[in-house]
Each structure stands twice: as C-alpha cells, then as structure tokens.
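K.L.:
Here's my sequence, what's the structure:
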Amino acid sequence: MKSILKTIAVVAAFAFATPAFAGGVTVAQDGDSKTKLEALFFLNTTMDNTKVNGVKTAESTGLAVDRAYFTLKHSFNSDWMMRFTTDMNQDTALGGKKQNIYLKYAYVEGKLAGDAAVLRLGQSHTPWIDYEQGLWGHRYVAKVTSDYFKFDDSSDLGIGLKGDLADGMVKYWVTETTGAGYGNSTGSTKGVDLNARLGIYPIEGLTLDAQFRDGYRGTKTFAATGTKNALIQVMATYGMGKDWRVGANYLSNKGRDSLGVNKGTNIKATGFSVWATAKFAGNFGAFARYDSMKDKSAVGVQTAKNTRTTGGIEYSPIKNVTFSLAMENYKNAIVGGNTTKNSRVGLFSQIKM
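P.N.:
Sure thing, here's the model as predicted:
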C-alpha cells in the first residue's frame, strides 16, 4: 500500500481534528482501497427515579456517557470490506470500573453475487435491531422494543447472508449465530440460533418487515440442555426519508419474559409498539413511542404487564450534533405482586463523526 501508514495515535489525533461529516473520515486511500474512522457518542444529563407501589426507592441526577463507539472500516475494493467497532457503556453489574469497553463488531463482508448475495462473517449486527433503529432514529434516547425487553441482541458472533432482490423491492438477511450476544459470547456453543429478517417495499416510503429468531441464546452446552427461545416480529412503517415516519410493531417471544429472564416453555410475552418521528423547519423535530408487553404463563394466565412511554423534542445546531429534551416512563406490574415505575427525564445528545 503506497499510502504512509501512521501510528494509531497519529491517526486518531488526525481523525478528531478533522471536521465531522456523515460516513466518518477517510484517513488512507490507495486506488480502490480505503480506510475510514467513525465515532458516535451518547452524552446524556438526566434525572431518574424509581417507585415501588407508589413509594420512592431510588433517585439520581447526573451526566452519563451512555455509549461511546469507535469504528474503523477498511474497503479492500468495491466488493469486500472489514469493520472493527468498540463500545463503551455503563455496566454496574461488573466490579471495579463502571465504564467498560466491549467488542461490538469485528467482521469481514463480501459480495458473492453483487447486491443479491452478500456474505458476512464474524461478530456483526443482527438482522433486526440496527435496521429498526435506523427507521426510528432516536436510539440515543430510547432503544427499540426487542432490544429494550431483551428479546434480541444488537450484535452476535456468526455467519450471515443478506441481499437485495427485485430491484430493491425485497430484502433479506439470514444469520446463524452463537446466540449469546456481544459481550457474552465465548464463541463456543452446542446449539446455534437462527435470526432472520425479510423486508418488502412495494411503494416509496412504505416498509413491511418480518423477523424470526429461534434458538437457545447461548445457553445450550455439552453440560446444559439450555433454554429455548423463539421470537416473531412484524413491523410496518411509512414516511419520507428523515422528514417524518410512523411505525407499528407486533412481537411474540416464547421462552423469556419482558424482564429478560429465561423461563423456557413456562412463559410467553406478547405486545406491540407504535411510534412516530418528524422534522420541522429550523432544524427542530419531535418524536414519541409507546410500548406494551404482557407476560403469560404456559396455560395462558397473565403474570405481568409492562408499558413504556417515550417522547421529546430535538434540535440540531449543526450536522451530526443533536440535542433532545425527552422523557421516558416505564411501568412493570406483576399480577399479585409489586408495581415498579421508573421515570427518566433530561437532556440527551448524539454526536457523530
């Protein structure tokens, strides 16, 4: 490669000294070969409180770096590329330091038959979560439903095939993964998970998608039989680019309740979400979503109900810098037990490079 390869420190300094723009910053290029750096921060100042049966049990106020992603992408040519992404988040479950860095993505991707068949190998996005996040557009404030209720993982280790058919009117993505999700995968399991999405786009602005996930979420090993999980999801959205969009989802997850606990055939969670986003003049916008999930036992008796309401207004002073005044309220009601309410309000921000 003719380009002079700088040390990581020099490259990073150059990247952060360069004006931000969509798609990151190109730090090296030689013919068809190109290397880019990207960064994404969620910097949020919030007030949080928790009530159990109407009695306040926790309260906090402060600034948090909820997420900090750093990405390197290298295109070998127009058909083959590789990606490496780290993810820093707040993880109070671990001892010692609370800000921990995980490997989010590390994969190679290549076109086997143009856009109709693209192979991806390594630790990569799963077919659904990142896709819906792109339509929702406000991950820095609120996760999408299947991610929030822990029915799916945003990244996993495995192999996948995706592609566009019929001039882009049909898109598919099928993966086989270890199922444990990023940050948890050991790369070794006795049962792999199938995770797939099929999308149909009959007219401009309309998206119709379905997801099917089936497997053991990394719990099946030589020594353990594992817990079977099955997720079905359908979603319809309509809108015009990033100007506005409305969407509705229906989900059914067997084997894990809406608190993220594996329970096998003893539990089934079903629910829906509706959401909307819009941009206005002067770089302003608004967004809102509502989620409702019900847990039922194997005999169909409701055991819990969960609702989440999210809404806010946003402002982008410059491209790739966005601030939002937003709130998120979550309620978990156990039948015959406690009712827990979590409220979060504050200033949320998303910074891209």
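K.L.:
And residue 36, how far from residue 238?
P.N.:
32 Å (Cβ to Cβ, to the nearest Å). To be clear about C-beta, it is placed using only N, CA and C from the backbone, and glycine gets the same treatment.
K.L.:
ok, these two, which is more surrounded?
P.N.:
The residue with more neighbours, out of residue 36 and residue 238, is residue 36; 19 against 15, by other Cβ atoms under 10 Å.
K.L.:
Look up the residues forming beta bridges with that one.
P.N.:
Bridge pairing for residue 36 (DSSP bridges) gives the partners residue 26, residue 73.
K.L.:
Verify the contact between it and residue 81 for me.
P.N.:
No: using Cβ atoms under 8 Å, residue 36 is not in contact with residue 81; the gap is 9.8 Å.
K.L.:
Now the common contact residues for those two.
P.N.:
73-74 (Cβ atoms under 8 Å, 6 or more residues apart in numbering).
K.L.:
strand partners of the helix or strand where residue 311 lies, parallel vs antiparallel please.
P.N.:
Counting by DSSP states H and E, the element that carries residue 311 is strand 302-318. Strands that pair with strand 302-318, judged by DSSP bridges, come out as strand 284-297 (antiparallel), strand 321-334 (antiparallel).
K.L.:
Give me the residues contacting the last one.
P.N.:
Contact with strand 321-334 is made by 20, 138, 140-142, 258-259, 287, 303-317, 339-352, as judged by Cβ under 8 Å, 6+ apart.
K.L.:
same check, this time on stretch 225-233
P.N.:
With Cβ under 8 Å, 6+ apart, stretch 225-233 has contacts from 128, 146, 151-152, 190-191, 210-217, 219-220, 249-256, 262-265.
K.L.:
Please state the backbone phi and psi of residue 133?
P.N.:
When read as degrees, to the nearest 10, the backbone of residue 133 gives phi -60, psi -40.
K.L.:
you'd agree it is up against residue 140?
P.N.:
No: applying Cβ under 8 Å as the test, residue 133 and residue 140 come out as separate, 9.8 Å apart.
K.L.:
Of those two, which one has the most company?
P.N.:
residue 140 (24 against 17).
K.L.:
Tell me the secondary structure at the more buried one.
P.N.:
coil (DSSP: H, G, I helix; E, B strand; the rest coil).
K.L.:
Contact partners for it?
P.N.:
42, 44, 66-67, 322, 324, 348-350 are the contacts of residue 140 under Cβ under 8 Å, 6+ apart.
K.L.:
what would those look like in a markdown table with pLDDT?
P.N.:
Conversion of the contacts of residue 140 to a markdown table gives the following (pLDDT from 0 to 100):
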| residue | pLDDT |
| --- | --- |
| 42 | 96 |
| 44 | 94 |
| 66 | 91 |
| 67 | 92 |
| 322 | 97 |
| 324 | 98 |
| 348 | 98 |
| 349 | 98 |
| 350 | 97 |
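K.L.:
By neighbours, which of these wins?
P.N.:
In the contacts of residue 140, the most neighbours by other Cβ under 10 Å go to residue 348, 25 neighbours.
K.L.:
Quick check: that one touching residue 67?
P.N.:
No: using Cβ under 8 Å, residue 348 is not in contact with residue 67, being 11.1 Å away.
K.L.:
Which of the helices and strands in this protein ranks last by mean pLDDT?
P.N.:
Sorting the helices and strands of the chain by mean pLDDT, DSSP states H and E puts helix 8-17 at the bottom, at a mean of 33.
K.L.:
about what we covered before: in strands only, show me the contacts of stretch 225-233.
P.N.:
With DSSP state E as the criterion, strands contain 210-215, 249-254 from among these.
K.L.:
For residue 258, which three-state class applies?
P.N.:
Per three-state DSSP, residue 258 ends up coil.
K.L.:
Out of the ones in strands among the contacts of stretch 225-233, the closest to residue 98 would be?
P.N.:
residue 253 (29.6 Å; Cβ to Cβ).
K.L.:
Run a quick neighbour tally on residue 112.
P.N.:
11.
K.L.:
so what's it up against?
P.N.:
Going by Cβ under 8 Å, 6+ apart, the list of residues near residue 112 reads 118-119.
K.L.:
quick one: it from residue 177, how far?
P.N.:
19 Å.
K.L.:
Tell me what the closest residue to residue 258 other than its chain neighbours is bridged to.
P.N.:
In space, and not counting its chain neighbours, residue 258 is closest to residue 293: 4.3 Å by Cβ to Cβ, 6 or more residues apart in numbering. Note on residue 293: beta-bridge partners residue 271, residue 306, judged by DSSP bridges.
K.L.:
Make 497 the first number, not 1, from now on.
P.N.:
In the new numbering, first residue 497, that becomes residue 789.
K.L.:
Verify the stated contact: residue 789 with residue 764.
P.N.:
No: Residue 789 lies out of contact with residue 764 (Cβ under 8 Å); the separation is 10.8 Å.
K.L.:
Between the two, point out the one with more neighbours.
P.N.:
A count of neighbours by other Cβ under 10 Å puts residue 789 above the other of residue 789 and residue 764, at 24 against 20.
K.L.:
Contact partners for the more buried one?
P.N.:
641, 645, 747, 754, 765-767, 801-803.
K.L.:
Give me the distance between it and residue 755.
P.N.:
Distance from residue 789 to residue 755, by Cβ to Cβ: 10 Å.
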